[in-house]
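>>> Dropping the sequence and predicted coords here.
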Amino acid sequence: MKSKLFLLSILFIIGCSSGSSGGDEISGGGNNNGGGNNSGNTGGNSDGETDPDKYTDSSSNGNTTYYISFSSGDDTKDGKSEANAFKNLGKINSITFAPGDKIKFKTGDTWKGYFKLRGSGNSSSPILIESYGSSSKPIIDGNGYQASLFLENVEYVELNNLEFKNEATHLKSDGSVKLMHGSNRSGSDERYGLLALRFGEDNNINDIKISNVKISNIYPTPTDNSYIHQGYGIRFESLKNSDNSQNNFFDGITIDNVDISLTGHYGIHIVNRMPSAEADYFHRNISITNSSFYDTGGSGIVFARSKNILVENSTFKGTGSTKDNRMWERGSGLWVYTCNDVIIQKNTFEDAYGPQDSFGAHIDWGNERVVIQYCLSKNNYGGFVEILGENIDCGYRYNISIGDGTRTNTHNGKIFWISNFAGSDSRRIGSKNNFIYNNTIYIPATNPVTSNPMNPDLNIGDLTEDSYIYNNLIYITSGASMNIKTENDRDLNYFRNNLYFGTVKIDNNTAFEHHSSEIFIDPKLVNPGSSDPNDYKLQTDSPAIGKGILINGSTNSKNFIQNNGGRDYFGNSVSNSEKPNIGAYNGN
């Protein structure tokens, strides 16, 4: 992995880094800053109009709806109807909200500055931050502050139908640094669309929900260009306290239908920088669904020290983008580090790019029980399967890979790669109980990057323990080839009932031998070479039908080596008593 990511891994261990709804009155006095209407809706806020110190602090008694409109609001009004909407972010930054409150931004309007929520909801009455009106999503342009929306030690919050941007300078017109109220966090070296932060002597943070949100153009403005890429769409982060005694976490992160693009680094980053790496203190119960990640400078999503995770029905395209010179220019669509019980399914990973990693989705080091299943992986520069070191019970099943592994430098593209890398070049620990089964892989004749023949690798690194590689269908187009090299004890690699069609080369320095159950024949795919996964089904007379090894023996859905999951890529059933087809299609 890239040296900067080595440093990040170390840092995880050693430290941080319509109409009124009625309701109760606000208590706490009037405004210092009047407001009045401004023509237009383009968000020309000054720093003073974002700063709550320009207003008198107040508190809501809860269960009240507040409206804010930059185009027609007035901070001298009570904010409790569309006609009496507030105007500036500074006004709502001065209010401590309470359970049941709703904060509604007018569609079509834009604000420049930040919104830092004061106050939490509760399990029965969350605080809602949403929109009103029928125009385009309201936009909060962070305008150089570290985050457009800052959720600091608050919980039971639901966010819906907003848009965030943030790439302006972190300096005010007088040269001073833009700082969010009560915080010394600058947008110079790190920038966010949304930052949710937990730290100090507080409890765990519960139930943050984000839906129908768009985030783009997130870049810092550092004086040291080594930080230029550190722009993140969304980050959830838990910091340790000064004496290393705190082990708190987020419990319940639900993200649905977000659209994130043009970030310097990750689209979503969920990380816990606590001193303990024990799973009891991991973030947990995380769901990211129906979302899209396009042209992010780093990966679309990265999880660290988290558990009970679902990523489903989402699209990752162009991660590791080079479209902007402020981008990191490297990244798998998604990866997990030191996480447990992760399901990544029914996603599309396409066109990941970068000098290292940059697979469709990869399993970094130190994880337990991670499964990548029912996904489509296409044209990813690094390859299809990447499993690094110190993992237990992790792998890939029932996926389709088309044209992955086009990289040709010292980190040649790979179809399957199991490594012993466990955080640094000096820390090498093999993974065990790795599984790669019932995947369909198509290798085209020509590498579209170099115009030379495709020549990806299948590599299993030294120290790797038991690896179960069953029922994979590898179609190698005429003119291309695949190289196999295993560096560990060959008796720990269980290649069974795989089908190879095309040129397979075995490295001269490997002890690998094909098992007698493996076959070499045209599988008769419907239309190999297409970008449509349906064309990777089997024809009715395919020799791959019913020729797989039976995967059964356990009713525990997390025992991936003895429980096949019950379905294929296309949703066809997979029996626990009859032999399956070879590949990702189990139909007739």
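It's in.
>>> helix/strand/coil for Y468?
Of the three states, Y468 takes strand according to DSSP: H, G, I helix; E, B strand; the rest coil.
>>> any idea how far it lies from G548?
Taking C-beta to C-beta, to the nearest Å as the measure, Y468 falls 13 Å from G548. For the C-beta atoms, the positions are set from N, CA and C on the backbone; glycine is no exception.
>>> Pick out whichever of the two has more residues nearby.
G548 (27 against 20; other C-beta atoms under 10 Å).
>>> so who does the more buried one touch?
With contacts defined as C-beta atoms under 8 Å, 6 or more residues apart in numbering, the neighbours of G548 are N438, Y470, N471, N497, K579, P580, N581, I582.
>>> Excluding sequence neighbours, find me the nearest residue to Y281.
Leaving aside its sequence neighbours, Y281 sits nearest to N247 (C-beta to C-beta, 6 or more residues apart in numbering; 3.9 Å).
>>> Quick check: V302 touching F293?
No - checked against C-beta atoms under 8 Å, the pair V302 and F293 is beyond contact range at 11.1 Å.
>>> Next, show the common contact partners of the two.
The contact sets of V302 and F293 overlap at I268 (C-beta under 8 Å, 6+ apart).
>>> In terms of neighbours, single out the busier of those two.
F293 (29 against 25).
>>> Mind listing residues that contact the helix or strand harbouring the more buried one?
Counting by DSSP states H and E, the element that carries F293 is strand 292-294. Where contact means C-beta under 8 Å, 6+ apart, the residues beyond strand 292-294 that reach it are 258-262, 267-268, 300-301, 314-319, 333.
>>> Quick check on these: which are buried?
When those are checked for burial by 16 or more other C-beta atoms under 10 Å, the buried set is 258-262, 267-268, 300-301, 314-319, 333.
>>> Need the max-distance pair from the residues you listed.
In the buried ones among the contacts of strand 292-294, the most distant members under the criterion C-beta to C-beta are L262 and S314, with 17.3 Å between them.
>>> name the element S554 belongs to?
Under DSSP H and E, no helix or strand contains S554.
>>> That one: what's its closest spatial neighbour, skipping adjacent residues?
Q562 (3.8 Å).
>>> now the one you found: how far from N472?
As it turns out, when the distance is counted by C-beta to C-beta, Q562 lies 18 Å from N472.
>>> what do you get for I400?
Taking C-beta to C-beta as the measure, I400 and N472 are separated by 11 Å.
>>> same deal with I309?
Taking C-beta to C-beta, one finds I309 at 25 Å from N472.
>>> do the same with V574
15 Å.
>>> Mind checking which of those two has more residues around it?
When V574 is set against N472 and neighbours are counted by other C-beta under 10 Å, the residue ahead is N472, at 30 against 20.
>>> Which residues are in contact with the more buried one?
I436, Y437, N438, N439, T440, I441, N498, L499, I582, G583.
>>> count of neighbours near the second one?
Residue crowding around Y437 was assessed by other C-beta under 10 Å; the count is 25.
>>> Identify the bridge partners of it.
Using DSSP bridges, the beta-bridge partners of Y437 come out as R397, Y470.
>>> My read is that it contacts Y470, right?
Yes - when contacts are counted by C-beta under 8 Å, Y437 is listed as touching Y470 (4.0 Å).
>>> Give the residues shared as contacts by these two.
The contact sets of Y437 and Y470 overlap at I551 (C-beta under 8 Å, 6+ apart).
>>> Looking at I26 now. What's its pLDDT?
The score at I26 is 39. That number is its pLDDT.
>>> And K165, by the same measure?
According to the model, K165 carries a pLDDT of 98.
>>> what about it, how many residues close to it?
Neighbourhood size, K165 [other C-beta under 10 Å]: 21.
>>> Show the contacting residues for it.
K165 makes contact with I139, I140, D141, G142, S148, G193, I215, S216, N217, I218 under the criterion C-beta under 8 Å, 6+ apart.
>>> Secondary structure element for the nearest residue to D224 once chain neighbours are set aside, which one?
Spatial nearest neighbour of D224, excluding adjacent residues (C-beta to C-beta, 6+ apart): D189 at 7.4 Å. Under the criterion DSSP H and E, no helix or strand holds D189.
>>> How about the one 3 residues further on?
Under the criterion of DSSP H and E, Y192 resides in strand 191-198.
>>> list the buried ones in that strand?
Of the residues in strand 191-198, R191, Y192, G193, L194, L195, A196, L197, R198 count as buried by neighbour count, 16+ other C-beta under 10 Å.
>>> tell me the average confidence for that strand?
What strand 191-198 shows for mean pLDDT is 97.
>>> For burial, what's the neighbour tally of E368?
Residues lying near E368 (other C-beta under 10 Å) number 18.
>>> Contact partners for it?
Shown in contact with E368 (C-beta under 8 Å, 6+ apart): C339, N340, D341, N391, I392, D393, C394.
>>> ranges for the helices of the protein?
Under the criterion DSSP state H, helices of the chain are mapped to 3-14, 47-50, 89-93.
>>> among these, which gets the worst mean confidence?
Between these, the lowest average pLDDT goes to helix 3-14, which shows a mean of 39.
>>> quick revisit: give me the buried subset of the contacts of N472.
Burial by neighbour count, 16+ other C-beta under 10 Å: within those this picks out I436, Y437, N438, N439, T440, I441, N498, L499, I582, G583.
>>> so of those, which ones are in strands?
I436, Y437, T440, I441, L499 (DSSP state E).
>>> tell me which of these is nearest to N452?
Using C-beta to C-beta, the shortest approach to N452 within those belongs to I441, at 19.3 Å.
>>> Low-confidence stretches in this structure?
Within the chain, the stretches with pLDDT under 70 are 1-48, 201-202, 241-246, 275-276.
>>> Which parts of it belong to which domain?
Each structural domain of the chain that the record assigns through automatic domain parsing is listed here as a residue range: 3-21+127-534, 22-126.
>>> could those domains go into a markdown table alongside distance to A544?
As requested, those are arranged in a markdown table below (distance: least, C-beta to C-beta, whole Å):
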| stretch | distance to A544 |
| --- | --- |
| domain 3-21+127-534 | 5 |
| domain 22-126 | 50 |
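>>> Ends of stretch 293-310, what's the gap?
Start to finish, the residues bounding stretch 293-310 are 16 Å apart (C-alpha to C-alpha, to the nearest Å).
>>> got it, and stretch 102-111?
18 Å.
>>> do the same with stretch 443-451
Between the opening and closing residues of stretch 443-451 we find a distance of 14 Å, counting by C-alpha to C-alpha.
>>> what separates it from the chain centre, distance-wise?
28 Å (C-alpha atoms, centre = their mean, to the nearest Å).
>>> Give me the buried positions along that stretch.
Applying a neighbour-count criterion of 16+ other C-beta under 10 Å, the buried positions in stretch 443-451 are I443, P444, N447.
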